[in-house]
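**Q** Here is a sequence together with a model predicted from it:
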Amino acid sequence: MPAKEREAADERVARCVTGIDGLDNILDGGIPRGNTVLVTGSIGTGKTSLCIEFLVHGALSGENSLFISVTESTDKLLTNIIPYDFFDDKLIREGRLHFIDLSVIYERLGLDRPEFDYEEVHILIDAVVSLVREMKVSRLVVDSVTSISYRLKSEEIMREFVLKLGSILSSLECTTLLVSEIAPTGERYSTYGVEEAIADGIVVMGNLERRGDLLRTLQVVKMRGTSHSRAKYVLDLTTTGVLLVPLLKGGSIAAGGG
Amino acid sequence: MAGRLRDKLIELPEGSAVALRMGADQYFDSIRDILDVFAPQKDLDVLYVTSTIPSRSIINALEVLEIPMDHIWFVDCISQIMMSGTEKHAHTSHVESPTMLENIMLKVEYLVRKTKERGNVIVLDSINSLAIHNNTKILSEFLHIMVNNLRSKNAYTIVFSMEQYETDEIRNMLNLVCDETIAVGAEGGG
């Protein structure tokens, strides 16, 4: 598609403004509404903080937002959350921002087997979709899809899970972030490698070592429905939210900074 | 001398980037002019990036001079690398090393947001000490991005350059990025 037509098409796409200034700039205004985005990276790179901030901004702008925690209890998560200057407890009390443990959903659905088959995966998808419908959720985070994938023992089941969940949530105009934990040296962005093929977008967060310094980085590798920067940025997690600046390149690549 | 520097600074339009060329003996007088005269007169918060001496040393000097710290914030890029273990000050953020130029930009951005009710002047002390730890290419890129970013926010940027450590490369870098060079102590300059 010629550049001019693409720009016009980009403008027509409804945006889910993340509220994270740097990221919205990278994405030319925000994530196309209804996209399913894989937020991937190794531990300690800020994935969960970025996702929570995305939800908080959504709730502040009147969109119902839901965080499904798979890896740790939401009580522990909320204890360790960054004390954002813009966070307001009222968002939780008024039901605009929800935190739910997936273990509770498993328990209610009777999903207690270590491995899920197709039928159980569909039960899980239906349960998540029901929550999104009932709560009128516009922004969803699943942290992490990797932990769910441990119960999905084949690529086919994983493909079915991401594809079906993504397509239903997209039809509901729910913008979804799926957190994926990958090894720092891996070429893949997810456990099976199928998630990135199906997802509409991939945001890679990493640690970059340069001359003994460790920098937190963010890079949007793919985002359907919008033009976007593919450059690497350095980020900081602060009480004013995630801050991003361009990764400096001058002379550093030869020193191992690439 | 000091009177002329402060007059020059006051005349600067918003969003100006200035290189302040000085000798070592004019260092504290220049700091005083910026922190005690220029910034209060313009109602600005000072974001002072130090890679030359630890922020604690400058704070001690400010205390002696009875300059209030209410609107002065430090980004200290040197204390941690010295592993000196000094007590933390509420108005000081630390960057692990002067080589982490992106983190300097991030700390400045954070402080700009925290002090958004007022304007800002960002003091970079100094380009010469940053040049000890960084090559010219990356330092030029850093300065170019940071100054333009601050300019878009109508913030003032003042870059210290100690004339005895100035190289041609540093001079070229400052000429490229800054709107003006003020030679402190030189006739008509400060």
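**A** Perfect, thanks for sending it. Numbering: from 1, shown residues only, chains lettered A, B, ... in the order given.
**Q** Under the pLDDT cut-off, which ranges of the chain? List them.
**A** Chain wasn't specified; assuming chain A. For chain A, applying pLDDT under 70 flags the ranges A:1-11, A:183-186, A:251-258.
**Q** my question was about chain B
**A** For chain B, the ranges with pLDDT under 70 are B:1-3, B:85-86, B:186-190.
**Q** Would you mind listing what in it touches chain A?
**A** B:96-97, B:99-103, B:105-107, B:109-110, B:113-114, B:135-142, B:145 (Cβ under 8 Å from any Cβ of the partner chain). Bear in mind the C-beta positions are built from the backbone N, C-alpha and C, glycine included.
**Q** Now, of those, which are buried?
**A** Neighbour counting by 16 or more other Cβ atoms under 10 Å in any protein chain shown classes B:97, B:99-103, B:105-107, B:109-110, B:114, B:137-142, B:145 among these as buried.
**Q** could I get stretch B:173-186 in CSV with only the CA atoms?
**A** The C-alpha trace of stretch B:173-186 is given here as CSV (Å, rounded to 0.1, in the frame of the first residue of the first chain):
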residue,chain,number,x,y,z
MET,B,173,29.4,20.0,19.6
LEU,B,174,28.3,23.0,21.7
ASN,B,175,28.2,25.3,18.6
LEU,B,176,26.0,22.9,16.9
VAL,B,177,23.5,22.4,19.7
CYS,B,178,23.5,25.7,21.7
ASP,B,179,21.9,29.0,20.6
GLU,B,180,24.6,31.0,22.2
THR,B,181,28.0,30.7,24.0
ILE,B,182,28.6,32.9,27.0
ALA,B,183,32.2,33.2,28.0
VAL,B,184,32.1,33.9,31.7
GLY,B,185,34.6,36.6,32.7
ALA,B,186,35.3,37.6,29.1
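**Q** Please spell out which residues along that stretch are buried.
**A** Going by neighbour count (16+ other Cβ under 10 Å), the buried part of stretch B:173-186 is B:Met173, B:Leu174, B:Val177, B:Cys178, B:Thr181, B:Ile182, B:Ala183, B:Val184, B:Gly185.
**Q** Helix or strand: which one has the spatially most central residue of chain A?
**A** In chain A, the centroid-proximal residue (Cα atoms, centre = their mean) is A:Leu177; its distance is 2.8 Å. Element membership for A:Leu177, per DSSP states H and E: strand A:175-181.
**Q** roughly how far is that strand from the heart of the chain?
**A** 3 Å (Cα atoms, centre = their mean, to the nearest Å).
**Q** Helices of chain B, start to end?
**A** B:2-11, B:27-32, B:39-42, B:55-64, B:79-82, B:101-114, B:127-133, B:136-152, B:168-177 (DSSP state H).
**Q** Could you do the stretch 151-258 of chain A as well?
**A** Here the stretch 151-258 of chain A has its helices, by DSSP state H, counting those that start in this stretch, at A:155-171, A:195-198.
**Q** Which one, of those, ends up nearest to chain B?
**A** Closest approach to chain B among the helices of the stretch 151-258 of chain A is made by helix A:195-198 (26.6 Å; Cβ to the nearest Cβ).
**Q** Look up the residues forming beta bridges with the residue positioned nearest the centre of chain B.
**A** Nearest residue to the geometric centre of chain B (Cα atoms, centre = their mean): B:Val123, 1.7 Å. Note on B:Val123: beta-bridge partners by DSSP bridges are B:Tyr48, B:Ile158.
**Q** Next up, the contacts around it.
**A** Going by Cβ atoms under 8 Å, 6 or more residues apart in numbering or on different chains, B:Val123 touches B:Ile31, B:Ile34, B:Val46, B:Leu47, B:Tyr48, B:Val49, B:Ile158, B:Phe160.
**Q** Next one: the closest residue to chain A within chain B from B:Asp125, what distance?
**A** Here chain B gets closest to chain A at one residue, B:Lys137, 3.4 Å apart by Cβ to the nearest Cβ. Noted for B:Lys137: a distance of 22 Å to B:Asp125, by Cβ to Cβ, to the nearest Å.
**Q** For the residue nearest to A:Asp112 when sequence neighbours are not counted, what are phi and psi?
**A** Spatial nearest neighbour of A:Asp112, chain neighbours left out: A:Tyr106 (6.9 Å); criterion: Cβ to Cβ, 6 or more residues apart in numbering or on different chains. According to degrees, to the nearest 10, the main-chain angles of A:Tyr106 amount to phi -50, psi -50.
**Q** Is it correct that A:His98 falls within a strand?
**A** Yes - under DSSP: H, G, I helix; E, B strand; the rest coil, A:His98 sits within a strand.
**Q** shouldn't it be in contact with A:Met135?
**A** Yes - with contact defined as Cβ atoms under 8 Å, A:His98 reaches A:Met135; the gap is 6.2 Å.
**Q** Comparing the two, which shows the higher neighbour count?
**A** Remark: of A:His98 and A:Met135, A:His98 carries more neighbours, 19 against 16, as counted by other Cβ atoms under 10 Å in any protein chain shown.
**Q** wait, what's in contact with the residue in chain A that chain B sits nearest to?
**A** Taking Cβ to the nearest Cβ, chain B has its nearest neighbour within chain A at A:Gly250, 3.4 Å off. Contacts for A:Gly250 (Cβ under 8 Å, 6+ apart) come out as B:Asn135, B:Lys137, B:Ile138, B:Leu139, B:Ser140, B:Glu141, B:Phe142.
**Q** Check which helices and strands the one helix or strand A:Val104 maps to sits against.
**A** Element membership for A:Val104 (DSSP H and E) is helix A:102-109. If you count contacts as 3 or more Cβ pairs under 8 Å, 6 or more residues apart in numbering or on different chains; DSSP states H and E, helix A:102-109 packs onto strand A:64-69, helix A:118-135.
**Q** Run through who's touching the longest one.
**A** So that's helix A:118-135. So helix A:118-135 is contacted by A:64, A:66, A:68, A:95, A:98, A:100, A:105, A:108-109, A:111, A:113, A:116, A:137, A:140, A:142, A:148, A:152, A:157, A:160-161, A:164-165, A:168-169, A:172, A:174 (Cβ under 8 Å, 6+ apart).
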